[in-house]
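Here is a sequence with its predicted model. Questions after.
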Amino acid sequence: MLPSALLLLALVVVPLFLLVYFGLLAGPGVDGPVTGEEWARIAGQPDLYGRLLVRSLVLGLAATVLTILVAWPTAWALSRHVRRLRSLYLALVIIPHLTSSLLLIYAMYVLIAPGGPLMAALTGVGLAEPGDTLLFTRWAVLLMLAYLFLPFMVMALYAAVERIDDTVLDAARSLGAGAWQRFRHVVLPLTVPGMLAGLVIVFTPAAGAFVEARILGGTDGMMFGTLISEQVSRVNNQPRAAAMSVILLVAILVLLGGVRATLRRAFPGALRGGR
């Protein structure tokens with residue numbers, strides 16, 4: 001365990017301590033005294049920082065829920081109903097995301113732009129007017145985040161579904177459980193660990209996203225991560241960026257802890273393997 005522990009210490013623990021330390025400095029730059037004034041300035045502008053933090057957490061959670069709604073039936077179909085071409089379908093889920101995420105973002109930009117394929121289709125069925133667009137709204141950011149992280153949720157749920165023994169379902173069926181009862185009391189609890197793993201994998205980067213919001217979101221879709229990026233690249237205020245990063249990290253951990261506790265109460269025993 002020693003090599004792994006040293007690697008974890010060097011790449012995770014030490015950077016976190018440095019992040020907290022830089023957040024206590026007086027900006028701009030990283031050569032100011034330790035005053036903690038950046039924290040006070042962030043706390044003094046709740047309308048800006050608090051609003052963007054809540055928006056980022058909500059968008060990240062909404063994108064995660066959207067990926068679960070799409071990935072769960074996909075994972076179930078791949079595991080239970082696809083045999084011969086399963087590897088091909090899994091590859092089709094993963095391959096588009098092996099390219100640059102920036103290319104995927106600009107592909108979405110073209111897709112939802114005025115006159116783009118998606119907007120043209122919505123206009124054709126009467127759900128949008130000519131010239132309408134999702135660009136520069138939080139809906140564009142939500143759609144992009146869900147698309148970008150969907151393969152991670154599919155793979156997490158696919159692994160969980162694959163572990164369900166068919167004899168368990170047969171036993172439930174032989175005891176008179178209908179399709180909904182088997183799903184609610186057998187299948188869903190057994191996939192909760194995979195769902196929780198997917199939640200961590202998807203929600204953490206989604207809530208901290210910044211490139212997607214900068215390109216697709218405009219002012220309406222601006223996120224907390226975008227503001228952190230601007231503090232480094234434009235304002236040259238690394239201490240404030242570090243303080244904001246710590247705030248975002250703590251908020252994500254608290255929310256993940258709350259979701260995990262909720263799942264433990266909703267599905268007693270489903271997560272008893274973890275402490």
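Looks like it came in fine.

Now do stretch 3-23: everything it contacts.
30, 34, 38-39, 238-240, 242-243, 245-246 (Cβ atoms under 8 Å, 6 or more residues apart in numbering). (C-beta placed from N, C-alpha, C; glycine too.)

Any stretches of this protein with poor pLDDT?
Within the chain, the ranges that satisfy pLDDT under 70 run 272-275.

Going by residue numbers, what spans are helices in it?
With DSSP state H as the criterion, the chain has helices at 2-8, 14-23, 37-43, 51-80, 86-94, 101-112, 117-124, 138-162, 166-174, 179-182, 188-207, 211-212, 224-233, 238-266.

any chance of these in CSV, plus mean neighbour count and distance to Asp132?
Shown next, in CSV, are the helices of the chain (neighbours: other Cβ atoms under 10 Å; distance: least, Cβ to Cβ, whole Å):
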stretch, mean neighbour count, distance to Asp132
helix 2-8, 9, 49
helix 14-23, 14, 42
helix 37-43, 16, 37
helix 51-80, 19, 21
helix 86-94, 13, 30
helix 101-112, 15, 10
helix 117-124, 14, 6
helix 138-162, 22, 12
helix 166-174, 12, 45
helix 179-182, 12, 39
helix 188-207, 21, 25
helix 211-212, 22, 21
helix 224-233, 19, 24
helix 238-266, 17, 33
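
Figure out which of the ones you listed is closest to Gly218.
Among these, the nearest to Gly218 by Cβ to Cβ is helix 138-162 (8.3 Å).

nearest spatial neighbour of Gly269, skipping sequence neighbours?
Pro189 (7.3 Å; Cβ to Cβ, 6 or more residues apart in numbering).

okay but the one you found is in contact with Ala266, surely?
No: at 9.0 Å, Pro189 and Ala266 do not qualify as touching, with contact defined as Cβ atoms under 8 Å.

And the closest residue to Tyr49 other than its chain neighbours, how far from Ser245?
Excluding the flanking residues, the one nearest Tyr49 by Cβ to Cβ, 6+ apart is Ile42, at 5.1 Å. Here Ile42 is placed at a distance of 11 Å from Ser245 (Cβ to Cβ, to the nearest Å).

Also Ile201?
For Ile201 relative to Ser245 (Cβ to Cβ), the value is 19 Å.

try Arg55
17 Å.

cool, and Leu57?
Distance of Leu57 to Ser245, given as Cβ to Cβ: 14 Å.

can you check Leu118 too?
Taken as Cβ to Cβ, the span from Leu118 to Ser245 is 34 Å.

got it, and Val70?
30 Å.

again with Ala159
Ala159 is 31 Å from Ser245, by Cβ to Cβ.

is it true that Val154 touches Thr74?
Yes: using Cβ under 8 Å, Val154 is in contact with Thr74, at 5.4 Å.

list residues touching both of the two?
Val93.

Who's the closest spatial neighbour of Val232, skipping the chain neighbours?
Ala241 (4.9 Å).

correct me, but that neighbour touches Gln231?
Yes: using Cβ under 8 Å, Ala241 makes contact with Gln231 at a distance of 3.9 Å.

re the thing from before, could the contacts of stretch 3-23 go into TSV alongside distance to Val93?
Shown next, in TSV, are these (distance: Cβ to Cβ, whole Å):
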residue	distance to Val93
Val30	42
Val34	48
Glu38	42
Trp39	42
Gln238	38
Pro239	41
Arg240	39
Ala242	36
Ala243	38
Ser245	31
Val246	35
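
now for these, which pair is the farthest apart?
Pairwise distances across the contacts of stretch 3-23 (Cβ to Cβ) peak at 17.2 Å, for the pair Val34 and Ser245.

what's the burial count for Thr99?
The number of residues packed near Thr99 is 10, by other Cβ atoms under 10 Å.

Distance-wise, check it relative to Tyr106.
Thr99 is 11 Å from Tyr106, where distance means Cβ to Cβ.

now swap in Leu127 and tell me
From Leu127 across to Tyr106, the span is 24 Å (Cβ to Cβ).

likewise Thr219?
In this view, Thr219 and Tyr106 are 20 Å apart by Cβ to Cβ.

what does Ser87 give?
29 Å.

same question, Thr123
Going from Thr123 to Tyr106 by Cβ to Cβ gives 22 Å.
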